[in-house]
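S.K.: Need a 3D model of the following:
(chains A and B)
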Amino acid sequence: MLAYIARRIVYVIPIVISVALVCFLLVHITPGDPLVAVLPADASQELAAQLRAAYGFDRPLPVQFGLWLLRALHGDLGNSIATGRPVLAEVMRAVGNTVTLAIAAALIGFTMGILLGLIAGYFRETWIDKVATSFAIAGVSVPHYWLGMVMVIIFSVQLNWLPAVGAGPNGSNSWAWDWAHLQYLVLPAITTSVIPMGIVTRTVRALTGDILSQDFVEALRAKGLHERGVFRHVIKNAAPTALAVMGLQLGYMLGGSILIETVFSWPGSGFLLNSAIFQRDLPLLQGTILILALFFVFLNLLVDIAQAAIDPRIKRG
Amino acid sequence: MSELPLSATADAALQAAPATKARGYWATVGRRIMRDKVSIACALVLILIFLSAILAPWLGLEDPYKGSMIRRLRHIGTVGYPLGTDELGRDMLARLIYGGRLSLVIGILPVILAFCIGTSLGLVAGYVGGKLNTAIMRTIDVFYAFPSVLLAIAISGALGAGILNSIVSLTVVFVPQITRVAESVTTGVRNMDFVEAARASGAGPFTIMRVHILGNVLGAIFVYATSLISVSMILAAGLSFLGLGTKPPEPEWGLMLNTLRTAIYVNPWVAALPGAMIFAVSICFNLLSDGLRSAMDIRN
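M.R.: Predicted coordinates for the structure are as follows:
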């Protein structure tokens, strides 16, 4: 097991470096001068050159990348051009809110997805299966930012049950586990959960169907094992693949939250990314994407390791 | 066994051949999909949306650009404005139908582009193998380290707002996914006997790839690509929704959804209409892709 973990970690190193390279290059595919955002319109040539040297934009690209990577390793992702505060601190503060949202959505989406998927797979080709499958298809096809708007229309505008935007009373930015804050989480979490719900339902349904049609299930039934026991075997066999899919979905929720966070003005990493894009705050854009992508890479690593831990076949392969 | 029954069978087969005229693979798939009611219904809805988008100027609709301050945000069912008006008093029906033009192009074009690029890359990587395969596939892996929404927004955000940039960024998101599928099906086919036979009879690598491999892998890659259209529609409209795609006053569903957000307290259901169009197109493509997949799975 340890050897497997070590091997997996070694695989991750080149990926991490390439991810950093992509994030670094993002700034250099941008049209226009990255200094435009900080420079006053009537700035002199000398001031521009001075700032360019201060930000290091005057060196050759590979040197810039090396220096940037070295500083990033020490946790220095530069300062936001718009606010002047360190990028890392800004991003980490926002990521906390995104993690809260993603975990709440994962709890809802995965529970619903596993239940619907098991039921649909078990009662395959019946009306129960059709209903569950329709839910799943709708879940993966719905533009979630639109669903968020519809939720706000129904539950905030028409019924006035839940707040429409924000993450806490009086525009509060920090999260707390009480009802005053929790009611702000309900709509964004349900909206975020529909895609993972649909994908997990489809995965678990397919897995359950495949496993139930295998010979060993027939053998278990022939031996006289009751249905509950058969079901336990199904779950054990479906778990590794289902876990991998859920891990990936959690990663997508963490990294792809920008649309939902924009709809609900949720002060997370996606919201930060949005403002970085529109203020042309390139260090902040670069840093946010780097950190979200690293989260994703490490989550995948954890899922692989967890999968190997519960499925002995993987380590041997 | 003697020779007689064998040649008799061959004779029989020869005689029977013109009479039965075995249906080809695609004809079988076509017949199977025609029997699938859900697929047919989705295809009809899509055809309706496509046709009305193409024929929009000849449908006798209001001008989708002309607004009026005195008839802003009319409700659905207002006389003369069956789907109401938007925040600038423009006819929603006209804008939704005209909006299909841009929305469908920016949603579908990235998948078509990625299909061409990804299939070529995957075919070459899978057929040539070795170092070239490693180089292509490891580069592809880097893009898998980003969640697709994040990658699309990162590229689009860095390049700046614009239709072209949003198409480029979505193409970059889909190329790795299609390349992976193309590479894996090509690797499965390249060592089959008929490829070896073609090589033995002197066919060059390009002929083999084009004639012998492409025909056998294109179906699988195509089905995978159709399943991406739904995601692409949602993401393309999403980029416009964020302000990274289309610019006002162009009618486009994602952008319309964005500008109407301010109207949800005044006229909520009109504000929700453009999203319903995205949803309809996306779910139809998803169901159609599912139908195509099961129709092509002849073994069942």
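
S.K.: switch to C-alpha atoms for all contacts and neighbour counts from now on
M.R.: OK.

S.K.: can you list the residues of chain B near chain A?
M.R.: Selection of chain B residues close to chain A by Cα under 8 Å from any Cα of the partner chain yields B:141-142, B:145-150, B:154-155, B:157-160, B:230-231, B:234, B:238, B:242, B:257, B:261, B:264-265, B:268, B:272, B:275-276, B:278-279, B:282-283, B:286-287.

S.K.: Residue ranges in chain A under the pLDDT threshold?
M.R.: Applying pLDDT under 70 to chain A picks out residues A:30-43, A:55, A:170-175, A:314-317.

S.K.: which parts of it sit against chain B?
M.R.: A:15, A:18-19, A:26-27, A:29-31, A:137-138, A:141-143, A:145-146, A:149-150, A:153, A:157, A:251-252, A:255-256, A:258-259, A:262, A:274, A:277, A:285, A:289, A:293-294, A:296-297.

S.K.: out of these, which are inside helices?
M.R.: Judged by DSSP state H, the residues of chain A next to chain B include A:15, A:18-19, A:26-27, A:29, A:137-138, A:141, A:145-146, A:149-150, A:251-252, A:255, A:258-259, A:262, A:274, A:277, A:285, A:289, A:293-294, A:296-297 as members of helices.

S.K.: Filter those residues down to the buried ones.
M.R.: Those of these that meet the buried threshold are A:15, A:18-19, A:26-27, A:137-138, A:141, A:145-146, A:149-150, A:251-252, A:255, A:258-259, A:262, A:274, A:277, A:285, A:289, A:293-294, A:296-297, by 16 or more other Cα atoms under 10 Å in any protein chain shown.

S.K.: Run the chain-centre distance for the helix or strand encompassing residue A:230.
M.R.: Element membership for residue A:230, per DSSP states H and E: helix A:227-255. On the basis of Cα atoms, centre = their mean, to the nearest Å, helix A:227-255 sits 18 Å off its chain's mean C-alpha point.

S.K.: middle-most residue in chain B, spatially?
M.R.: residue B:229 (3.2 Å; Cα atoms, centre = their mean).

S.K.: could you say which helix or strand contains it?
M.R.: helix B:214-242.

S.K.: what's the nearest residue to residue A:56 if we skip its chain neighbours?
M.R.: Residue nearest to residue A:56 in three dimensions, not counting chain neighbours: residue A:64, with 6.9 Å by Cα to Cα, 6 or more residues apart in numbering or on different chains.

S.K.: The one you found against residue A:71, yeah?
M.R.: No: at 10.6 Å, residue A:64 and residue A:71 do not qualify as touching, with contact defined as Cα atoms under 8 Å.

S.K.: give me phi/psi at residue B:194?
M.R.: phi -70, psi -30 (degrees, to the nearest 10).

S.K.: same deal with residue A:21?
M.R.: Torsion angles, degrees, to the nearest 10, at residue A:21: phi -60, psi -40.

S.K.: which residues touch it?
M.R.: For residue A:21, the contacting residues are residue A:65, by Cα atoms under 8 Å, 6 or more residues apart in numbering or on different chains.

S.K.: need the longest helix for chain B.
M.R.: Among the segments of chain B that qualify as a helix by DSSP H, the longest is helix B:92-128.

S.K.: Of all the residues in that helix, which ones are buried?
M.R.: Those would be B:92-104, B:106-115, B:117-128, for helix B:92-128 by 16+ other Cα under 10 Å.

S.K.: Who are the packing partners of it?
M.R.: Helix B:92-128 is packed against helix B:37-54, helix B:130-144, helix B:163-190, helix B:214-242, helix B:253-259, helix B:268-296, with contacts defined by 3 or more Cα pairs under 8 Å, 6 or more residues apart in numbering or on different chains; DSSP states H and E.

S.K.: so which of those helices is the most packed in?
M.R.: Of all the helices and strands packed on helix B:92-128, helix B:253-259 has the most neighbours on average by mean count of other Cα atoms under 10 Å in any protein chain shown, namely a mean of 26.

S.K.: Chain neighbours aside, what residue packs nearest to residue B:214?
M.R.: residue B:123 (7.7 Å).

S.K.: sec struct for residue B:75, please.
M.R.: coil (DSSP: H, G, I helix; E, B strand; the rest coil).

S.K.: Identify the spatial nearest neighbour of it, chain neighbours not counted.
M.R.: Using Cα to Cα, 6+ apart, the nearest residue to residue B:75 is residue B:84, at 4.7 Å.

S.K.: now do residue B:205
M.R.: residue B:199 (8.0 Å).

S.K.: wait, what's in contact with the residue lying closest to residue B:82 once chain neighbours are set aside?
M.R.: Using Cα to Cα, 6+ apart and skipping the chain neighbours, the partner closest in space to residue B:82 is residue B:76 (5.8 Å). Contacts of residue B:76 were listed using Cα under 8 Å, 6+ apart, and they are B:82-84, B:269-270.

S.K.: Just name the closest of those residues to chain A, please.
M.R.: residue B:269 (8.1 Å; Cα to the nearest Cα).

S.K.: related to what we said a few turns ago, need the phi and psi values for the residue nearest to residue B:82.
M.R.: Dihedral angles of residue B:76 (phi, psi; degrees, to the nearest 10) stand at phi -60, psi 130.

S.K.: Ends of stretch A:82-89, what's the gap?
M.R.: 14 Å (Cα to Cα, to the nearest Å).

S.K.: cool, and stretch B:255-271?
M.R.: Span of stretch B:255-271 from end to end, Cα to Cα: 11 Å.

S.K.: cool, stretch A:28-45 as well?
M.R.: Termini of stretch A:28-45 sit 21 Å apart (Cα to Cα).

S.K.: Which of the helices or strands spans the residue nearest to residue B:205?
M.R.: helix B:193-200.

S.K.: Okay, buried residues for that helix please.
M.R.: In helix B:193-200, counting by 16+ other Cα under 10 Å, buried: B:195, B:198.
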